[in-house]
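Peer 1: Sequence below, structure please.
(one chain, ligands or ions: 2)
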Amino acid sequence: MGENLSFTFAVLLFTMLITSEAHHTRVTVKNEIRGENITAHCYSSEDDLGVRLLPSGKDFTWRFRVNFVHSTKFYCDFKTKHGSGNYGVYTRKVHARCNKNCVWLIRETGLCLVQTNHSGHLWCQDWKIRPKSAVSTRREYQTNAKMSLV
Ligand SMILES: *[C@@H]1O[C@H](CO)[C@@H](O)[C@H](O)[C@H]1NC(C)=O
Ligand SMILES: *[C@@H]1O[C@H](CO)[C@@H](O)[C@H](O)[C@H]1NC(C)=O
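Peer 2: Ligands and ions are numbered 1, 2, ... in the order given. Now for the predicted structure:
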């Protein structure tokens, strides 16, 4: 009888462990830019993961529990030679695309989310801020276009 009870208790404990594990959400940020170190500063309203240097090809993952009202959000400030910007890496909108395992690939053009809830199709965003050289090239181009109109 006592043995049965402790068996039941063990099963219960195991189930609780599995369930709590299942409630964790993971976000991974991977640097896919060749030969370049980038920095990522990720944070939520409760946690600040600090500024991290991500060598080419490396990633980092963090795990967290989404709060009861599901308002947990994580943002990252990315800095690369190709562009930079602040992006919501875990929001309700992102959650709908990747559920509890959200992987972001940092590329020369911007960043892409692996949409695990949509057969892994990538959802990409351009860099919000382009490096100065690219901006001035565009401005020069516009100036030239204007001049040729005159
Ligand atoms: C990246 O950072 C490491 C130090 O963490 C350094 O040894 C390496 O030269 C850097 N690579 C580039 C391409 O800047
Ligand atoms: C995403 O996929 C998981 C696993 O298939 C599913 O449990 C979840 O409800 C899906 N979420 C959304 C928002 O579609």
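
Peer 1: CA only for contacts and neighbour counts going forward, please
Peer 2: Will do.

Peer 1: Who are the contact partners of the spatially most central residue of the chain?
Peer 2: By C-alpha atoms, centre = their mean, the chain has its centre lying nearest to Val89, at 3.8 Å. With contact taken as C-alpha atoms under 8 Å, 6 or more residues apart in numbering, Val89 is in contact with 27, 73-76, 104.

Peer 1: how does it look with 10 Å?
Peer 2: 27-29, 42-43, 73-77, 95, 102-104, 111, 113 (C-alpha atoms under 10 Å, 6 or more residues apart in numbering).

Peer 1: Which part of the protein gets nearest to ligand 2, residue-wise?
Peer 2: Ala96 (3.7 Å; C-alpha to the nearest ligand atom).

Peer 1: Next up, the contacts around that residue.
Peer 2: Here Ala96 is in contact with 90, 115-118 (C-alpha under 10 Å, 6+ apart).

Peer 1: same deal with Thr72?
Peer 2: 44-46, 64-66, 90-92 are the contacts of Thr72 under C-alpha under 10 Å, 6+ apart.

Peer 1: near ligand 2, which residues of the chain show up?
Peer 2: Counting by C-alpha under 6 Å from any ligand atom, the residues of the chain lying close to ligand 2 are 96, 99, 117.

Peer 1: Out of the residues you listed, the closest to Pro55 would be?
Peer 2: Asn99 (26.8 Å; C-alpha to C-alpha).

Peer 1: how far is stretch 24-40 from where the chain is centred?
Peer 2: 8 Å (C-alpha atoms, centre = their mean, to the nearest Å).

Peer 1: Quick check: buried residues in it?
Peer 2: Under the neighbour-count criterion of 16 or more other C-alpha atoms under 10 Å, stretch 24-40 has 25-33, 36-40 buried.
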